[in-house]
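>>> A structural model of the following input is requested.
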Amino acid sequence: MVLRGILSNTLRHSPLLKNYRRTRWAFAFSSSSQRSHHVSSEIDKETQVLGLLSEVLPIPVPGLIPAHSSSKQINVKSLNDFLLPEDKLREVFLQKFSDGAAVYNALNGVGVELNDELLGKVVKEGYLSGESIVLFFKWASEQPNVSRDVSNYNEAIKALGKWKFFDHMVEMLNDMKGREVSPNPDTIVMDSYLRARLVCKAVKVFGEIEKYGLQCNKETVSIALKCLSRRSYVGTACRLFQKLGKKVDHDCSMYNILVSGWSKMGRISDVEKLVKYNAMISSCIANDRTEDGLRYYEEMLRNGVEPNIDTYSRLVSHFAIEKFDEMLSKQMMPSAGTLNKFMEPLCSYCPPYAALVIYKKARKSGCGISLTAYKLLMKRLAQFWKCGMLLNIWNEMPDSGYASDSEVYEHIIDGLCNVGKLEIAVQVMEKCIQKGFYPAKIICNKLKKKLMDSDKVEVAYRLHLKLKSARVYENARRSWRAKEGLAFLGFHFSRSITGS
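All right, here's what the predicted structure looks like:
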C-alpha cells in the first residue's frame, strides 16, 4: 500500500505526464474549433443561398413580421384561423372571467356568425360545464340568426342531462317557461335521469310535467314508457302504465312498448299468458259463451296471472256490476274514456239498470265521468221511460262541470214526451230556445204531435211560433257566419295577391 501511494504521487507530479495532458487538450481544442468553423461556414453558405432565392422569387406570407421591422406586436388572431368555429367559441370558456358580462364581450369578439346548427355543435360536442352551457345559450338566444324555438332549448337540455348537470337543466326548463316557449314531447327530461340510474327521480319529474307546460296524454306517456323500457326498467313502466290509466286511455302502441320491453328481458311467458287469457275471454264473450269466459278468468287467477284493465273492460261489458266492484276493490280506478267503453255496450243492448248502477258506483268512488257517458245514460233512460232517473242525472251533471247542450235537451224532451209530462217538456223546450239551441226536427215534431193528440192546440200553436222564430234566427245566424267567413277568406286572398 505504501509503495502504491509513492508511485501515484510520483507520476502525478511527473513533467512527462503534464506535457502529455497539455498536448491532448490542445489537439482536442483544435479539432473542435475546426468542426465549429466548418459548421458555421456551411450555415453562412445556406443563408446566402436562401437570401438569393428570396430576392429572385419573393413570396408574401401574411401575418409574418420581417426581421428588420421595429414592430414588436405579434398577430395572435391569425393563430385562431386554424380552429373550427365551434372550437373558437369553446375557447372563450377556457379563460377565467370575473362575470357573465366579460364572457359576453369575449364571445362577441370571436367574430363567428352563429346559427342553429353551430349552436347544437357547441353544446353537444364540447366538454363545457353546466354554467358555461347556460351562459352560452343565453348569449346565443340573443343573436339574430338563432331561432328562439323549442328545438334549440331541447338541444341544450339534452346536453345538460348528458353530463348530469340536473340543476342547470331545471334552470333551463324554468327559463323556457319564463320566455313563454311552448315545450313539445321531446322536451321530456326523463331519459337523462334514467341514464344516471335515478329511476324514482325520473318518475317524479314525469309526474310534474304539467308544471313545465306539457300535458299528460298518449304521446307523452308513450315516450315515458319507451324511455323506461329502453333502460330495462320494464317493471316501473308497467306500474306507471297502470297508474296513468285513470288519466290516459290505453292504446295498442303502449302495449307494444311493454311487450317489447318484456321480450328483450327474456320474460316472454308473462306476456304470452296475459295476452292469451285476454284474447280467450274476449272471444268467449263475443260468441255468447259466458261460462267459458268465466272459466278462463278463474284459470287466470289460479295460475297467478294478474288481470289488467283490459281484462276487466271485457268482463264488465257482460258481468257489469260484479266485476266492476271487484276492480274498484283492487283500487283500479277507470279513466273517463274507459268508463265510456263500459257504458256503450250496456246502453246499447240491455236495460239501463246495470249502466245506472255502474254510474252511481263510479260517481261515489270519485271516477271521472265524461259528457259522453252522461248522454249515453240519459238516452237509454229516455228510451225506457225512466223519467225520474233521467231528471236526477240531469241535475247531477253540473256537479261534474258540464253544461247542457242541444243533445242533452233532446234526450230530456224525448223522455218527458214518452211519459206524458208535456207541460214540463214545453218548458224545457222554451228554455232550450232561450239558450240559443234548436233541437232536432224529429223531437220538435214529436212534441207538437203529442200536444195535438192531447187537445192542447193553443200550446202547440204558441210553441210552433216560437220554433219558427228560433228557426229564422238560427238560419240568419248561420248565413251571417258563412258570409263573414267568405269575406274573411276573400280579404286574405286579396292581400296575398297584392302582396305578391
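
>>> OK, contacts around the most centrally placed residue in the chain?
Geometric centre of the chain, nearest residue: Pro185, 1.7 Å, by C-alpha atoms, centre = their mean. Residues near Pro185 by C-beta atoms under 8 Å, 6 or more residues apart in numbering: Leu214, Glu219, Thr220, Ile223. All C-beta atoms are positioned from the backbone trio N, CA, C, and that covers glycine.

>>> the third one: which element?
Just to be clear, that refers to Thr220. helix 218-230 (DSSP states H and E).

>>> which positions within that helix qualify as buried?
Neighbour-count burial for helix 218-230, counted by 16 or more other C-beta atoms under 10 Å, picks out Thr220, Val221, Ser222, Ile223, Ala224, Leu225, Lys226, Cys227, Leu228, Ser229, Arg230.

>>> where do the helices sit along the stretch 351-500 of the chain?
With DSSP state H, counting those that start in this stretch as the criterion, the stretch 351-500 of the chain has helices at 353-365, 371-383, 387-396, 406-418, 422-434, 441-453, 457-499.

>>> pLDDT of stretch 262-281, averaged?
On average, the pLDDT along stretch 262-281 is 69.

>>> hang on, isn't Ala355 packed against Leu346?
Yes - counting by C-beta atoms under 8 Å, Ala355 does reach Leu346; the two are 4.0 Å apart.

>>> which neighbours do these two share?
Counting by C-beta under 8 Å, 6+ apart, the residues touching both Ala355 and Leu346 are Ala320.

>>> still on that earlier bit, reformat the buried residues of helix 218-230 as JSON lines; add distance to Gly366 and pLDDT.
Formatted as JSON lines, the buried residues of helix 218-230 follow (distance: C-beta to C-beta, whole Å; pLDDT from 0 to 100):
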{"residue": "Thr220", "distance to Gly366": "24", "pLDDT": "88"}
{"residue": "Val221", "distance to Gly366": "21", "pLDDT": "87"}
{"residue": "Ser222", "distance to Gly366": "26", "pLDDT": "87"}
{"residue": "Ile223", "distance to Gly366": "28", "pLDDT": "89"}
{"residue": "Ala224", "distance to Gly366": "24", "pLDDT": "89"}
{"residue": "Leu225", "distance to Gly366": "26", "pLDDT": "88"}
{"residue": "Lys226", "distance to Gly366": "31", "pLDDT": "88"}
{"residue": "Cys227", "distance to Gly366": "30", "pLDDT": "89"}
{"residue": "Leu228", "distance to Gly366": "28", "pLDDT": "89"}
{"residue": "Ser229", "distance to Gly366": "31", "pLDDT": "86"}
{"residue": "Arg230", "distance to Gly366": "34", "pLDDT": "87"}
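
>>> just these now: which is nearest Ile281?
Leu225 (24.3 Å; C-beta to C-beta).

>>> and that closest one, what is it in contact with?
Counted by C-beta under 8 Å, 6+ apart, Leu225 has contacts Ala237, Leu240, Phe241, Met254, Ile257, Leu258, Gly261.

>>> one more time with 10 Å, if that's ok
233-234, 236-238, 240-241, 244, 253-258, 260-261 (C-beta atoms under 10 Å, 6 or more residues apart in numbering).

>>> give me the subset of those residues lying in helices.
Those of the contacts of Leu225 mapping onto helices are 234, 236-238, 240-241, 253-258, 260-261, per DSSP state H.

>>> which PyMOL command selects the buried ones in the residues you listed?
Buried residues among the ones in helices among the contacts of Leu225 (16+ other C-beta under 10 Å), as a PyMOL selection:
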select buried, resi 234+236+237+238+240+241+254+255+257+258+261
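
>>> any chance of the ones in helices among the contacts of Leu225 in JSON lines, plus distance to Leu135?
Listed next are those as JSON lines, based on distance: C-beta to C-beta, whole Å:
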{"residue": "Val234", "distance to Leu135": "39"}
{"residue": "Thr236", "distance to Leu135": "35"}
{"residue": "Ala237", "distance to Leu135": "37"}
{"residue": "Cys238", "distance to Leu135": "41"}
{"residue": "Leu240", "distance to Leu135": "36"}
{"residue": "Phe241", "distance to Leu135": "40"}
{"residue": "Ser253", "distance to Leu135": "40"}
{"residue": "Met254", "distance to Leu135": "40"}
{"residue": "Tyr255", "distance to Leu135": "45"}
{"residue": "Asn256", "distance to Leu135": "42"}
{"residue": "Ile257", "distance to Leu135": "38"}
{"residue": "Leu258", "distance to Leu135": "42"}
{"residue": "Ser260", "distance to Leu135": "41"}
{"residue": "Gly261", "distance to Leu135": "39"}
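
>>> quick one: which of the ones in helices among the contacts of Leu225 is nearest to Lys364?
Using C-beta to C-beta, the ones in helices among the contacts of Leu225 come closest to Lys364 at Phe241, 25.9 Å.

>>> and the helix or strand containing Ala202, how far from the chain's centre?
Per DSSP H and E: Ala202 is located in helix 199-207. With C-alpha atoms, centre = their mean, to the nearest Å as the basis, helix 199-207 stands 14 Å off its chain's centre.

>>> cool, stretch 358-368 as well?
Here stretch 358-368 is found 32 Å from its chain centre; the criterion is C-alpha atoms, centre = their mean.

>>> got the CA coordinates for that stretch in CSV?
Output of stretch 358-368 as CSV, limited to C-alpha atoms (Å, rounded to 0.1, in the frame of the first residue of the first chain):
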residue,chain,number,x,y,z
ILE,A,358,-122.1,1.5,-12.6
TYR,A,359,-122.7,5.2,-12.9
LYS,A,360,-123.6,5.6,-9.3
LYS,A,361,-120.6,3.5,-8.1
ALA,A,362,-118.2,5.4,-10.3
ARG,A,363,-119.6,8.7,-9.1
LYS,A,364,-119.3,7.6,-5.5
SER,A,365,-115.7,6.4,-5.8
GLY,A,366,-114.6,9.6,-7.5
CYS,A,367,-114.1,8.4,-11.0
GLY,A,368,-114.2,10.9,-13.8
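
>>> average pLDDT across that stretch?
Stretch 358-368 comes out at a mean pLDDT of 86.

>>> now stretch 188-203
Stretch 188-203 comes out at a mean pLDDT of 87.

>>> report the buried residues of it.
Residues Ile188, Val189, Met190, Asp191, Ser192, Tyr193, Leu194, Leu198, Val199, Ala202, Val203 are the ones in stretch 188-203 that count as buried (16+ other C-beta under 10 Å).

>>> wait, which of those is closest to Val472?
Comparing those against Val472 with C-beta to C-beta places Ile188 closest, at 53.1 Å.

>>> who are the contact partners of that closest one?
154, 157, 202, 205-206, 209, 212, 214, 219-220, 223-224, 226-227.

>>> kindly recompute the last result at 6 Å.
For Ile188, the contacting residues are Ile223, by C-beta atoms under 6 Å, 6 or more residues apart in numbering.

>>> residue ranges with poor pLDDT in the stretch 51-200 of the chain?
51-81, 126 (pLDDT under 70).

>>> nearest to Gln331, of the buried residues of helix 218-230?
Val221 (19.7 Å).

>>> list the contacts of the closest one.
Leu244, Val248.

>>> offset the numbering so it begins at 34, please.
From this message on, residue numbering opens at 34, which makes the last subject Val254.

>>> from His283, how far out is it?
9 Å (C-beta to C-beta, to the nearest Å).

>>> now do the contacts for the spatially closest residue to Met422 that is not a sequence neighbour.
In this structure, Met422 finds its nearest non-sequential neighbour in Leu414, 5.3 Å apart by C-beta to C-beta, 6 or more residues apart in numbering. When contacts are counted by C-beta under 6 Å, 6+ apart, Leu414 touches Pro385, Met422, Leu423.
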